[in-house]
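Chemist: give me the fold of what follows.
(one chain, ligands or ions: 2)
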Amino acid sequence: MVQIDILGGKNEIGGNKILVEHEGTRIILDFGMSFNQNSKYFSEFLQPRKCSALTDFFELGLLPDIKGIYRTDYLEHMGRQPEEREIDAVLLTHAHADHAQYIHFLRFDVPILCTKETKIILQCLEETGSNTFSDYIKACEAFKFYRNTKGSFSRVTKKQQDFLHKRNFHLMEPEKKLKIGSLEIEMVPVDHSLPGACGYIIYTSEGNLVYTGDIRFHGSNRQLSRKFVEKAKSVNPRWLICEGTRIDKQEIDSEDRVKEEITRFISKARGLAFVEHPIRDLDRVKSIFESARTNGRYFVVPLKAAYLIESLGNLCPFCLDDVKILVPRKSWGLIYKEGYEQDLINKDYDSWEQNYIHRSNSITCKELRQNPLNYVVSMSLWEINQLVDIQPQNAIWIKSSCEPFCEEMELDEERKQNWLDRFKIVKYSAHASGHASGLELIKMINEIKPDSVIPVHTEKPDLFKQAEAKIIVY
Ligand SMILES: [Zn+2]
Ligand SMILES: [Zn+2]
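Modeler: Ligands and ions are numbered 1, 2, ... in the order given. Now for the predicted structure:
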């Protein structure tokens, strides 16, 4: 019997964790964080405690308390007995937090299946992020001591190589099936607002299961989602686990239209053009890059984006030398002062950042201030204080990201508007979602023709009843 258990992602957008069991083989599809559940109890300044290991997460329903999947160091710290591994693999569809963030808590020996891009993005998040729980690629044993050179005990950090473990990643390629216990797994790329997104087909002796992950049909990789539908249809699935973020929306978005709009806004700008966008959405980054180029301007990216572009290498549609890197003033702000040696300036930056601050294409806000018409600048609220250094005149701000969907985001939006008003910056917007519309989802289901559909990643599972299939709502 195939048993499907939705541990996270039912009646909510994200937090997907789906347990599939067949003849003793157990796999989990995605292992993401639930924004809903998390924001019910936590905020920026109230976070789950590391000292409680998994206890806060179990107590508040952020993680399911199941045996044989969690890291031994955390279990030990909670006073639990060591457990045998009871999971054969975790399959990630993409590196968005609501699908991948909680792999931090998994045992180090659990095979993690994903695409090459997903692993690279997770590595970037691990290296450049500020999250406490971010052992995505390399995991360091927590709550351990080692004997130091003086003979006494010190706490283990990531510097103690003996306590570092490389997670067991297996990179999936299209058309190549992987056998895991009684199951055969195939990765199928899809179009979404993050590079390397995919769905999965799980072949079993009792029928096949298809999982969409997050999917859309309007990005520049839309042919991938078309192929996914073809492939899914060809395996006559018994079950389709289908995302439904926008099942209640009829409008069909278009990334091409976003590019046209951004190009037009920039062409009319008489000063700097700022663009606010999801920094890792490479499809959007490409649209902005091309819009800037059409207008004879350089695209200026923040340090984190520079790190990602370089890490992706030829998986990115352009290279780091094609853009300018904006080096912000940090800590003592020595980069703006004359006569300091590189080594002294470097101390203002994290070690990963130091690689990007002295390049021939590195620029500072001074340059943006002097030659505003040469640039289109990637900017977010978290770096908006640089406007003080830039002192923009006649600038525009293009909001190319989703609308606020919670109170905290609304407050941030208000705060951002205050900055824009202060510097007399005119705001425009151009955005396309990472998700297919309801019309497209129903059309997809009717084309794939599964025996039954299991809606996930949606607040409106009942709307799936428009499709010609049996709907299983948990
Ligand atoms: Zn998602
Ligand atoms: Zn996503």
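Chemist: what does the chain put close to ligand 2?
Modeler: Within the chain, the residues that sit near ligand 2 (CB under 5 Å from the ion) are 96, 214. Where you see a C-beta, it was placed from the backbone N, CA and C, and this is true even at glycine.
Chemist: can you pull the contacts of the residue nearest the centre of the chain?
Modeler: Nearest to the geometric centre of the chain sits residue 96, at 2.5 Å (CA atoms, centre = their mean). Neighbouring residues of residue 96 by CB atoms under 8 Å, 6 or more residues apart in numbering: 14, 32, 194, 214.
Chemist: ok, now how distant is residue 438 from ligand 1?
Modeler: Distance of residue 438 to ligand 1, computed by CB to the ion, to the nearest Å: 16 Å.
Chemist: leaving out sequence neighbours, find the closest residue to that residue.
Modeler: residue 247 (4.6 Å; CB to CB, 6 or more residues apart in numbering).
Chemist: same question for residue 379.
Modeler: residue 274 (4.3 Å).
Chemist: cool, residue 246 as well?
Modeler: By the measure of CB to CB, 6+ apart, the closest residue to residue 246 outside its immediate chain neighbours is residue 435, 4.7 Å from it.
Chemist: count of residues packed around that neighbour?
Modeler: 25 (other CB atoms under 10 Å).
Chemist: likewise for residue 44?
Modeler: Residue 44 has 6 nearby residues by other CB under 10 Å.
Chemist: give me the phi and psi for it.
Modeler: phi -50, psi -40 (degrees, to the nearest 10).
Chemist: residue 416 versus that one, what's the distance?
Modeler: Plainly put, residue 44 is 16 Å away from residue 416 if you go by CB to CB, to the nearest Å.
Chemist: didn't residue 272 look like it was pressed against residue 371?
Modeler: No. With contact defined as CB atoms under 8 Å, residue 272 does not reach residue 371; the gap is 9.3 Å.
Chemist: which of those two has more neighbours?
Modeler: residue 272 (26 against 13).
Chemist: check contacts around the more buried one.
Modeler: Residues counted as contacts of residue 272 (CB under 8 Å, 6+ apart) are 368, 372-373, 375-377, 390, 392, 395-396.
Chemist: out of those residues, which are inside helices?
Modeler: 368, 390 (DSSP state H).
Chemist: turn the contacts of residue 272 into JSON lines, columns for neighbour count and pLDDT.
Modeler: Shown next, in JSON lines, are the contacts of residue 272 (neighbours: other CB atoms under 10 Å; pLDDT from 0 to 100):
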{"residue": "368", "neighbour count": "24", "pLDDT": "98"}
{"residue": "372", "neighbour count": "21", "pLDDT": "98"}
{"residue": "373", "neighbour count": "13", "pLDDT": "98"}
{"residue": "375", "neighbour count": "20", "pLDDT": "98"}
{"residue": "376", "neighbour count": "28", "pLDDT": "98"}
{"residue": "377", "neighbour count": "29", "pLDDT": "98"}
{"residue": "390", "neighbour count": "22", "pLDDT": "98"}
{"residue": "392", "neighbour count": "22", "pLDDT": "98"}
{"residue": "395", "neighbour count": "22", "pLDDT": "98"}
{"residue": "396", "neighbour count": "21", "pLDDT": "98"}
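Chemist: what's around the residue nearest to residue 438, how many residues?
Modeler: 26.
Chemist: so how far is residue 340 from it?
Modeler: 56 Å.
Chemist: quick one, strands of the stretch 151-300 of the chain?
Modeler: 153-155, 164-166, 169-171, 178-180, 183-189, 198-203, 209-211, 239-243, 273-276, 298-301 (DSSP state E, counting those that start in this stretch).
Chemist: I misspoke; the intended subject was the stretch 301-450 of the chain.
Modeler: Counting by DSSP E, counting those that start in this stretch, the strands of the stretch 301-450 of the chain are 324-326, 362-363, 375-378, 396-399, 426-429.
Chemist: out of those strands, flag the one nearest residue 297.
Modeler: strand 375-378 (5.0 Å; CB to CB).
Chemist: can you tell me which helices and strands the closest one packs against?
Modeler: Counting contacts by 3 or more CB pairs under 8 Å, 6 or more residues apart in numbering; DSSP states H and E, strand 375-378 packs against strand 273-276, helix 282-294, strand 298-301, strand 324-326.
Chemist: and among the strands of the stretch 301-450 of the chain, the most buried is which?
Modeler: Greatest average neighbour count among those goes to strand 375-378 (a mean of 25), per mean count of other CB atoms under 10 Å.
Chemist: given it, what are its sheet partners and their directions?
Modeler: Strand 375-378 sits in its sheet next to strand 273-276 (parallel), strand 298-301 (parallel), going by DSSP bridges.
Chemist: need the ones you listed in JSON lines (columns: mean pLDDT, distance to residue 231 and mean neighbour count).
Modeler: JSON lines is the format used below for those (pLDDT from 0 to 100; distance: least, CB to CB, whole Å; neighbours: other CB atoms under 10 Å):
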{"stretch": "strand 273-276", "mean pLDDT": "98", "distance to residue 231": "35", "mean neighbour count": "26"}
{"stretch": "strand 298-301", "mean pLDDT": "98", "distance to residue 231": "35", "mean neighbour count": "23"}
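Chemist: save those strands as a markdown table, and put in distance to residue 428 too.
Modeler: Output for these, formatted as a markdown table (distance: least, CB to CB, whole Å):
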| stretch | distance to residue 428 |
| --- | --- |
| strand 273-276 | 9 |
| strand 298-301 | 17 |
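Chemist: out of those strands, nearest to ligand 1?
Modeler: Ligand 1 lies closest, by CB to the ion, to one member of those: strand 273-276, at 20.2 Å.
Chemist: thanks again, I'm all set now.
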